[in-house]
Structure formats: C-alpha cells, structure tokens
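Enquirer: 3D, please:
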Amino acid sequence: MLVAAGLVVDAVVHWRFAPEMKFVEGGSIGGDQLFYVQAALAAGVAVLVLGMPRRWTYALAFLTAASALGAVLLYYYVDVGVLGPLPNMHEPVWYAEKTISAVGEGVAAVAALVGLLVTRAPARAMEEARV
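Expert: Prediction:
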C-alpha cells in the first residue's frame, strides 16, 4: 500500500504541475510532456503493484520512484542545463508541492525496495510450501 500511495502522490503532483512546465526551454521534449509521462507512469505502476505484487512490479516501482526523486534532487542542487532531448529543468526553489512529491517518491522507493527484497518468486514460494 505504501508503494502505491507514494506513486499516486507522485502522479497527482506531476499531473497538476505539467501545464506550468510547458514553458521550460531547451531539448526536444517539453517539460509538460515529461511531467505528463511521469504522472502516467507512476499511476500505471501503482496499479500494477496493487494488482500484482511481484518482484518485477516492485522493481519497476523502485525504478520509477527513485528516478523521480533523484531527478527532483539533482535539478534542485545542480544546473545540469539541457541534457540531450531533456530541457533544462533546474529549479533551485523548494515549495510545499515539491516536498509532497519528494516525500511520496521517497516512501514509494523505500517501500518498493523492501517489497523487492522480501517478496519471493511464485515458483520458489510453492516449493517452500511443499516442504
């Protein structure tokens, strides 16, 4: 539940802020497009984790949440500039919505990592149940 909740928070914040990112310059991908894709990905992975709590869905959730958290921290502290097709997303300002998103991403990443480490593969679990 923590994984899905954190990803849903991430999805909602990114979806709400996507229109404001339309004017971010540089790169061939717009900031709004990045935010919409992140929102859709986070929401989709949340549904997967809820519907199929497997190692691979926890791994996907970890990658989704950790990459989003890494990006928000990187672009807060470092002015990377345009990075290939990605626009310059440097934003050295911290505000409530960014904090909420970062906390959601952090909770989802940690919970997904725990899920990945403690969830057994279905075949292995069935073998252990027979013993």
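Enquirer: Name the spans of this structure whose pLDDT lies under the cut-off.
Expert: 122-131 (pLDDT under 70).
Enquirer: again, only this time at 50
Expert: Within the chain, not a single segment meets pLDDT under 50.
Enquirer: For the residue positioned nearest the centre of the chain, give its distance to Leu113.
Expert: Among the residues of the chain, the one closest to the centroid is Ala65, at 2.8 Å (CA atoms, centre = their mean). Distance of Ala65 to Leu113, given as CB to CB, to the nearest Å: 9 Å. In short, each C-beta sits where N, CA and C put it, glycine included.
Enquirer: go on, Leu69?
Expert: Leu69 is 12 Å from Leu113, where distance means CB to CB.
Enquirer: Between those two, which is the more surrounded one?
Expert: Leu69 (22 against 17; other CB atoms under 10 Å).
Enquirer: if we can go back for a sec, where's the residue nearest to the centre of the chain, which helix or strand?
Expert: Secondary structure from DSSP states H and E places Ala65 in helix 55-77.
Enquirer: Tell me the helix or strand right after that helix.
Expert: helix 96-118.
Enquirer: so what secondary structure elements neighbour that next one?
Expert: helix 2-17, helix 55-77 (3 or more CB pairs under 8 Å, 6 or more residues apart in numbering; DSSP states H and E).
Enquirer: Any buried residues in the last one, and which?
Expert: Applying a neighbour-count criterion of 16 or more other CB atoms under 10 Å, one finds 57-58, 60-62, 64-66, 68-69, 71-72, 75 buried in helix 55-77.
Enquirer: Please report the distance of Leu2 from Val114.
Expert: Distance from Leu2 to Val114, by CB to CB: 9 Å.
Enquirer: follow-up on the earlier one: in a markdown table: the buried residues of helix 55-77, plus distance to Val37.
Expert: Listed next are these as a markdown table, based on distance: CB to CB, whole Å:
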| residue | distance to Val37 |
| --- | --- |
| Thr57 | 19 |
| Tyr58 | 21 |
| Leu60 | 15 |
| Ala61 | 16 |
| Phe62 | 18 |
| Thr64 | 11 |
| Ala65 | 15 |
| Ala66 | 16 |
| Ala68 | 11 |
| Leu69 | 16 |
| Ala71 | 12 |
| Val72 | 15 |
| Tyr75 | 16 |
